[in-house]
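Peer 1: My questions concern the predicted model and sequence given below.
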Amino acid sequence: MKIDRARMFDLRVVQRNIRSGRITKDEYGGWLTALSDASDNIQAAGEGGDDDGYDPTPPEEHAVASAPEPVHAPAPAAAPAPAMPSIDPANDPQPLG
């Protein structure tokens, strides 16, 4: 089975592949250098992009006002735990020891 070379350099597995010896740091550096420049695909924040240049939400959905959060009543106080019965060592059916 032939392994796609691009998968060897996938950001999620590249460090594992370098540690295991499947690829070298020099090969990875060459791969990064050979990647095409995609900076033309970035949108400015004013044009619908976000800080990293990618925003999957259409701009018209950003204009929708968010609903106010519901106000919740405080939870009722918990009942106190029942007191532990005291054990009389003289009447204990299973004495320790």
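Peer 2: Cool, the structure landed.

Peer 1: Tell me how many other residues surround residue 49.
Peer 2: Applying other CB atoms under 10 Å, we find 15 residues neighbouring residue 49. Quick note: C-beta positions are derived from backbone N, CA and C, even for glycine.

Peer 1: Is it inside a helix or a strand, and which specific one?
Peer 2: For residue 49, there is no helix or strand it lies in under DSSP states H and E.

Peer 1: Wait, it touches residue 41, no?
Peer 2: No. Counting by CB atoms under 8 Å, residue 49 does not reach residue 41; the two are 9.8 Å apart.

Peer 1: longest helix of this structure?
Peer 2: Longest helix in the chain by number of residues (criterion: DSSP state H): helix 25-34.

Peer 1: Any buried residues in that one, and which?
Peer 2: 27-28 (16 or more other CB atoms under 10 Å).

Peer 1: which residues sit against that helix?
Peer 2: 9, 14, 18 (CB atoms under 8 Å, 6 or more residues apart in numbering).

Peer 1: Return the subset of the residues you listed lying in helices.
Peer 2: Judged by DSSP H, the contacts of helix 25-34 include 14, 18 as members of helices.

Peer 1: With that, I have no additional questions.
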